[in-house]
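> Okay, sequence plus prediction incoming.
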Amino acid sequence: MDNDSLTSAFMRLRMRLTRIATGILGDSDAAEDALQDAFCRLWTHRNRISGNREAEALSVTTVHNVCIDALRKHSHAPMVSLDENRNSFDSPDDDAAEAAGRELMFRNVERIINQNLSAQQQAIVRMRDIDGLSFETIADYLNMQPATVRVTLSRARKTIRDIYLKTINDD
């Protein structure tokens, strides 16, 4: 199958695939990440896909499988939002050990971001996850396409997650 056929088949189904992913994951950002991952998986096998029907069937199946994989990973990995205002997570009931553990986690994630992501990835992660900017706003600011911002963010988050999980599993 040629590159345009796979892309057009995936784009035709994008709304349906987004609904499937959001239904499974319960989060539109996670669903967007899942769609990006699914398309990347399909892209590596594009030469073995024989037609539009097969591309559509594989798209639905791949998105479903990527979402299930994400749920499995999520059940094993603690997820915490990045936030510059770390004190907003502290409550009067928190003890010193919990606060120190949270602070250490934030420092580890910041170190991973600073040492392992490109400047562009760092900027996108900060604009999206800390500043809460939309993909379109980030794309305008960085003179990129919104889809490219999504892919870059997805890859950056995966890098952060993989390195973080490796560091906590090594300890």
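Noted; the coordinates are in hand. Numbering: from 1, shown residues only.
> How confident was the prediction at the residue nearest to the spatial centre of the chain?
Closest residue to the average C-alpha location of the chain: residue 154 at 3.5 Å, with C-alpha atoms, centre = their mean. Per-residue pLDDT puts residue 154 at 91.
> who's in contact with it?
Residue 154 makes contact with 32, 33, 36, 37, according to C-beta atoms under 8 Å, 6 or more residues apart in numbering. Heads up, the C-betas are built off the backbone N, CA and C, glycines and all.
> tell me which residues in stretch 22-35 are buried?
22, 24, 25, 29, 30, 31, 32, 33, 34, 35 (16 or more other C-beta atoms under 10 Å).
> And the helix or strand where the second one lies, how far out from the chain middle?
In this structure, residue 24 is located in helix 14-25 according to DSSP states H and E. Averaged C-alpha coordinates place helix 14-25 at 15 Å from its chain's average position (C-alpha atoms, centre = their mean, to the nearest Å).
> so where do the helices sit in this protein?
Taking DSSP state H, the helices of the chain run over residues 3-12, 14-25, 28-44, 52-76, 96-116, 119-125, 135-142, 146-170.
> for the record, mean pLDDT for the third one?
Here the mean pLDDT over helix 28-44 is 88, rounded to a whole number.
> Give me the helices and strands touching it, please.
The criterion is 3 or more C-beta pairs under 8 Å, 6 or more residues apart in numbering; DSSP states H and E, and the helices and strands that helix 28-44 contacts are helix 3-12, helix 14-25, helix 52-76, helix 146-170.
> what's the shortest one packed up against?
Read that as helix 3-12. Checking 3+ C-beta pairs under 8 Å, 6+ apart, helix 3-12 ends up next to helix 28-44, helix 52-76.
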